[in-house]
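**Q** Need coordinates for the below:
(one chain, ligands or ions: 1)
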Amino acid sequence: MSKILVTGAGGFLGGAVVRALLDRGDAVVGLDCGPNAAVIKAMSMSNSGFDAAEADISDAEAVDAVFAKHRPRAVIHCAAVVGVLNSLASPARLFRVNVEGSVNVLEAMARHACPRMIHISSEEIYGAFLAPRIDETHHQAPLYAYGVSKATVEHLGRSYRTTHGLDCINIRTSWVYGPGFPRDRVPLNMIRAAAEGRVLHVPSGADERIDHTYLDDAVAGTLAALDCAEHAFDAYHIASDSAPSLAEIAAVVRDLVPGAEITVGSGPYRHSDEIAMPTKGALDCSRAHAAFGYQPKFNIRAGLAATLEAHRAQLAS
Ligand SMILES: NC(=O)c1ccc[n+]([C@@H]2O[C@H](COP(=O)([O-])OP(=O)(O)OC[C@H]3O[C@@H](n4cnc5c(N)ncnc54)[C@H](O)[C@@H]3O)[C@@H](O)[C@H]2O)c1
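**A** Okay, here's the model as predicted:
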């Protein structure tokens with residue numbers, strides 16, 4: 001059976017994509033490196049349909065060897081240095097991995113006749129939103145290196161479509177959350193604190209409206225895009241299509257966990273003391289709905305409830 005290559009397969013989203021592909025019977029090769037190489041090795045021990053490929057995407061020869069061995073029919077490209085703060089901590093590494101690494105994957109696709117890439121892009125390509133709800137035609141003005149790298153990979157995909165006929169589809173998602181999220185960020189830190197009986201005061205951001213996508217919706221949209229035979233567009237929003245404020249999210253958490261002491265200070269949300277977040281909002285998902293039936297199933301309450309249940313189960317185990 002022909003395989004699907006998932007890069008970043010040991011990560012939060014890549015791992016969930018792998019599990020969903022295996023559940024429906026696809027053969028998968030998962031690529032990762034560093035600490036998450038051990039994660040994909042463990043996955044290969046417990047899943048007969050899964051092959052682990054330890055490789056750094058910034059190593060062109062290593063990437064080519066994975067394609068030569070496994071001959072994937074499609075790539076779901078999740079490997080990246082992720083997030084605004086990580087990108088600012090090490091910009092040169094960010095571009096080596098996110099941009100040069102993506103070029104290495106695209107080159108290998110062209111050489112080994114692998115026609116389709118689903119690239120996990122980000123709303124960070126837009127920079128500040130000019131309206132409370134935006135569609136895929138919104139002006140792109142990324143503010144940080146992370147968003148610049150994601151926009152660059154989108155354009156590289158277009159370039160490889162022109163030069164090599166590759167079909168590169170970009171999933172522009174928002175803040176994905178759910179069990180296992182690897183970074184300390186809202187709303188997961190609120191759920192963790194509430195479940196563990198800790199007081200949490202997020203210093204600022206009460207009125208900041210952000211689209212939060214539950215993990216299962218992000219995975220469902222990604223696979224629907226993979227399965228869609230013909231695409232009229234090369235970029236789709238896969239998100240929740242709503243943007244609750246952090247104050248509203250904190251209220252939902254307090255409602256789910258009576259007695260929880262979760263509060264948010266006023267003003268814009270800050271990535272750090274120095275870096276304020278630009279205005280964001282909801283990602284209009286009508287294009288993905290019309291193209292391949294994407295419909296988010298988790299509003300913020302349902303997603304937080306599912307995250308809470310998973311966290312409580314983990315605490316109990
Ligand atoms: N989680 C979100 O909120 C979110 C939002 C928008 C877009 N995205 C995108 O989704 C994708 C997955 O993000 P995530 O949240 O699962 O992050 P993650 O950090 O959990 O996963 C990234 C994976 O990439 C791997 N990786 C990093 N550098 C690599 C390299 N040089 N070679 C091979 N593998 C490498 C990491 O080991 C990790 O397993 C990323 O492309 C990210 O930009 C995520």
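**Q** What parts of the stretch 1-150 of the chain come near the ligand?
**A** The interface of the stretch 1-150 of the chain toward the ligand, taken as CB under 6 Å from any ligand atom, is made up of 8, 10-14, 32-34, 36, 56-58, 78-82, 97, 101, 120, 122. C-beta coordinates here come from the backbone N, C-alpha and C atoms, glycine included.
**Q** Only whichever of the residues you listed are buried, select them in ChimeraX.
**A** Remark: buried members of those, expressed as a ChimeraX selection using 16 or more other CB atoms under 10 Å:
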select :8,10,11,12,13,14,32,33,36,56,57,58,78,79,80,81,82,97,101,120,122
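**Q** Tell me which entries of the residues of the stretch 1-150 of the chain next to the ligand lie within helices.
**A** Phe12, Leu13, Gly14, Asn36, Gly101 (DSSP state H).
**Q** ok, which pair from those residues is furthest apart?
**A** Largest separation among these by CB to CB: Phe12 and Gly101, giving 17.9 Å.
**Q** ok, the residue lying closest to Leu215 once chain neighbours are set aside - contacts?
**A** Nearest residue to Leu215 in three dimensions, chain neighbours excluded: Gly178, at 3.1 Å (CB to CB, 6 or more residues apart in numbering). Counting by CB atoms under 8 Å, 6 or more residues apart in numbering, Gly178 touches Phe12, Ala16, Leu188, Tyr214, Leu215, Asp216, Gly303, Ala306, Thr307, Ala310.
**Q** let's see 7 Å
**A** Tyr214, Leu215, Gly303, Thr307 (CB atoms under 7 Å, 6 or more residues apart in numbering).
**Q** separation between Asp140 and the ligand?
**A** Asp isn't right for residue 140; it's Gln. Gln140 sits 15 Å away from the ligand, going by CB to the nearest ligand atom, to the nearest Å.
**Q** Report how many residues lie close to that residue.
**A** 16 (other CB atoms under 10 Å).
**Q** Also the one 4 residues further on?
**A** If you count neighbours by other CB under 10 Å, Tyr144 ends up with 20.
**Q** Please look at it and Leu85 and confirm they touch.
**A** No: judged on CB atoms under 7 Å, Tyr144 makes no contact with Leu85 at a distance of 9.0 Å.
**Q** Start from the N-terminal end of the stretch 1-150 of the chain and give the helices.
**A** Per DSSP state H, counting those that start in this stretch, the stretch 1-150 of the chain carries helices over the ranges 12-23, 36-46, 60-70, 84-89, 91-95, 101-111, 145-164.
**Q** Residue ranges of each domain in the chain, please.
**A** Residue ranges for the domains of the chain, per automatic domain parsing: 3-173, 184-211+241-283+298-316.
**Q** So which of these is the most surrounded?
**A** Neighbour counts (mean count of other CB atoms under 10 Å) averaged over each of the domains of the chain peak at domain 3-173, with a mean of 19.
**Q** now whatever residue of the chain ends up closest to the ligand: how far from Gly101?
**A** Closest to the ligand within the chain is Gly11: 2.2 Å, counting by CB to the nearest ligand atom. According to CB to CB, to the nearest Å, Gly11 stands 14 Å off from Gly101.
**Q** Next up, the contacts around Val105.
**A** Thr7, Ile57, Val63, Val75, His77.
**Q** what's near enough to touch the last one?
**A** In this case it means His77. Thr7, Ser102, Val105, Met117, Ile118, His119, Ile120.
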